[in-house]
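**Student:** Predicted structure and sequence below. I'll ask about it afterward.
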Amino acid sequence: MNDLELLRRYERERCEDSFAELVSRHLDLVYSVALRQVQSPQMAEEITQSVFLIMARNASQMKPDTILAAWLYRVTRRTAVNVARAESRRRVREQTAQDLAGLKPESPDWAGIEPLLDEALDKLNEVDRSAILLRFFEDKSLREVGQMLGTSEEAARKRVNRAVDQLRNCMSARGVVVSSAGLAAVLAANAVQAAPIGLGPSICTNALLGGVHASKTVTIAKVIAMTTIQKTLLTATIAALAVGAGIHERHQVSSLRSQLQVLREQQEPMTADLLAIRRERDDATNRLQLADAQIQQLRRATAAIPKLRGDLTRWRNTADGLATAKASEAQTDPTDSMAKAWAAQVKQLKQRADEWPGRKIPELQLVTDQDWFDAVGQSNSLASDADFREALDRARRAGKNKLAAMMQQAFRNYTDANDGQLPTDLSQLQPFLDPSVDNAMLQRYQLLQTGRLSDVPPNQPLVTEIAAVDDQFDERYFIMLNATGASGW
């Protein structure tokens, strides 16, 4: 079950398993993005919980084509930036700048890339950013990335490579020089940090026990307040004491300031220890990149086994139940009667097409049974020649649409293999087309453009249909690289 199906199931049934599965899939992604922004594990946990509560509240507003990983990234980034801005008012900027300057590596590694990563991702367009998130943050294969983006595995590979090159250019502009291959390797090993144990169950418990609705009153300001409660209490105390006057009040203020200075002095060695630990972590990560990636994949695969077994059992039970229900309702199912009636009309339409060879085109070989059903299903009846001609026209359009999609992909593959040059004859596309496309289909079309593909405007047709087969219903068909069009003859 994909992300949106799980989300819809949770929205309808408040299913705990669905919400827990979504949290399990994307917890590391959300936590890592938050941690890079705020540099505080405790604050990153609070932000992670807030993001998943926002997801639960907005489940009904998700569009069918939403890529949940990209949506969670945007919400986490926006929430974390707001938190970081509020928190920065409580930090000593100069000390932080000195600490970070001392950590700047001589050669580009994760410590140099991490502070710039999210800013660089924001500069990508939506599709490129989604490709990076799915490939390196969600650990999807190129085939899975292509499926989620609605394209092929090869196109997904090229898009990921181009997006990595754009990230590398952004890094270079900020003084971090790294190769595309090196950047991809560092992203694969470091982009997602494992969230603390217990954070996922805590999120699920808060959301499923009413936290989704109650959390509307919990703001990010409270999260910041919880992470800085000591300083807030001290500041509030100083403000309260400042209202009074006299020696006693001034003494209290001085005492509180001294305590604050002590806390800062105690924090400095802790910060130095933390920075040393980070350096050690980065060194270890660079040595164990491949091993860590394999461990993560094995962990995910092992965790999915019990769920897959349960799904298999449920599917078998469902299949048995459907088979029993179908056997008992076969005699009275109105849908079955309608399907039989449509099948009879499809048979009539095909017979009539055979009687009109002049109105048949080779592209009808690409038409599926569903396309034939759609062609007759849009007609009130097939009582006259006009009804049959109109239904046959719909079937022809279905075949031409399928051929257009194949030719568009063939043009892309041809120009990739020929340094951006378009073919000079449609027959040159044959090696890049599906075997089901024969020469008779190509002879019905005329090539309109040659030369370099980059010189052709996006809305300019590459191919057009040569002649109509039914003057009353046909329109002249045009094929662009990414669209189709039609006009009168």
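**Tutor:** That came in fine, so what should we check first?
**Student:** got the buried residues for the strand or helix carrying residue 400?
**Tutor:** With secondary structure defined by DSSP states H and E, residue 400 is part of helix 385-417. Neighbour-count burial for helix 385-417 flags 387-404, 406-415 (criterion: 16 or more other CB atoms under 10 Å). All C-beta spots, glycine's among them, are computed from the backbone N, C-alpha and C.
**Student:** So what's the gap between it and the chain middle?
**Tutor:** Helix 385-417 has its average C-alpha position 29 Å from the chain's average C-alpha position, going by CA atoms, centre = their mean, to the nearest Å.
**Student:** try stretch 78-89
**Tutor:** Using CA atoms, centre = their mean, we find the averaged C-alpha position of stretch 78-89 to lie 25 Å away from the chain's own average C-alpha position.
**Student:** Show the average pLDDT along that stretch.
**Tutor:** Rounded to a whole number, the mean pLDDT of stretch 78-89 is 85.
**Student:** which of the residues in that stretch are buried?
**Tutor:** So for stretch 78-89, counting by 16+ other CB under 10 Å, buried means 79, 80, 82, 83, 84, 87.
**Student:** Kindly report the same for stretch 354-363.
**Tutor:** Along stretch 354-363, the positions that meet the burial threshold by neighbour count (16+ other CB under 10 Å) are 359, 360, 361, 362, 363.
**Student:** Stretch 133-143 too?
**Tutor:** Along stretch 133-143, these residues count as buried under the neighbour rule (16+ other CB under 10 Å): 133, 134, 135, 136, 137, 138, 139, 140, 142.
**Student:** What of stretch 447-460?
**Tutor:** Neighbour counts using 16+ other CB under 10 Å place 447, 449, 453, 456 of stretch 447-460 among the buried residues.
**Student:** what's the answer for stretch 482-489, then?
**Tutor:** Neighbour-count burial for stretch 482-489, with 16+ other CB under 10 Å as criterion, is recorded at residue 484.
**Student:** tell me the contacts of residue 363?
**Tutor:** Remark: with contacts taken as CB atoms under 8 Å, 6 or more residues apart in numbering, residue 363 is in contact with 396, 399, 400, 402, 403, 441, 444.
**Student:** Could you measure from it over to residue 349?
**Tutor:** Using CB to CB, to the nearest Å, we find residue 363 at a distance of 16 Å from residue 349.
**Student:** right, and out of the buried residues of stretch 354-363, which lies closest to residue 73?
**Tutor:** Proximity to residue 73 was ranked across these by CB to CB; first place goes to residue 363, at 42.1 Å.
**Student:** Excluding chain neighbours, give the residue nearest to that closest one in space.
**Tutor:** Sequence neighbours aside, residue 399 is the residue nearest to residue 363 in space, at 3.2 Å (criterion: CB to CB, 6 or more residues apart in numbering).
**Student:** re the thing from before, export the buried residues of stretch 447-460 as a markdown table, with columns for secondary structure, distance to residue 475 and pLDDT.
**Tutor:** A markdown table is the format used below for those (DSSP: H, G, I helix; E, B strand; the rest coil; distance: CB to CB, whole Å; pLDDT from 0 to 100):
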| residue | secondary structure | distance to residue 475 | pLDDT |
| --- | --- | --- | --- |
| 447 | strand | 20 | 95 |
| 449 | coil | 21 | 93 |
| 453 | helix | 26 | 92 |
| 456 | coil | 23 | 92 |
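**Student:** Taking these together, which two end up most distant?
**Tutor:** Going by CB to CB, the two entries of those that are most distant from one another are 447 and 453, at 12.7 Å.
**Student:** centroid residue for this structure?
**Tutor:** The C-alpha lying nearest the average C-alpha coordinate of the chain belongs to residue 67 (CA atoms, centre = their mean; 3.5 Å).
**Student:** That residue touches residue 130, doesn't it?
**Tutor:** Yes - with contact taken as CB atoms under 8 Å, residue 67 and residue 130 are classed as touching, separated by 5.1 Å.
**Student:** Now the common contact residues for these two.
**Tutor:** 148, 149.
**Student:** sorry, back to before: so which of the buried residues of stretch 78-89 are in helices?
**Tutor:** With DSSP state H as the criterion, helices contain 79, 80, 82, 83, 84, 87 from among these.
**Student:** For the first one, give me its contacts.
**Tutor:** Counting by CB under 8 Å, 6+ apart, residue 79 makes contact with 34, 47, 50, 51, 54, 220.
**Student:** so how far is the host helix or strand of the first one from its chain's centroid?
**Tutor:** So the one you mean is residue 34. Mapping residue 34 onto the secondary structure by DSSP H and E places it in helix 16-38. The offset between the C-alpha centroid of helix 16-38 and the centroid of the whole chain comes to 14 Å, using CA atoms, centre = their mean.
**Student:** Same check on stretch 466-482?
**Tutor:** Mean-position distance between stretch 466-482 and its chain equals 36 Å (CA atoms, centre = their mean).
**Student:** what does stretch 383-397 give?
**Tutor:** On the basis of CA atoms, centre = their mean, stretch 383-397 sits 41 Å off its chain's mean C-alpha point.
**Student:** Contacts for that stretch next, please.
**Tutor:** Where contact means CB under 8 Å, 6+ apart, the residues beyond stretch 383-397 that reach it are 348-349, 352-353, 356, 359, 361, 363-364, 367, 371-372, 374-376, 378-382, 469-470, 472-474.
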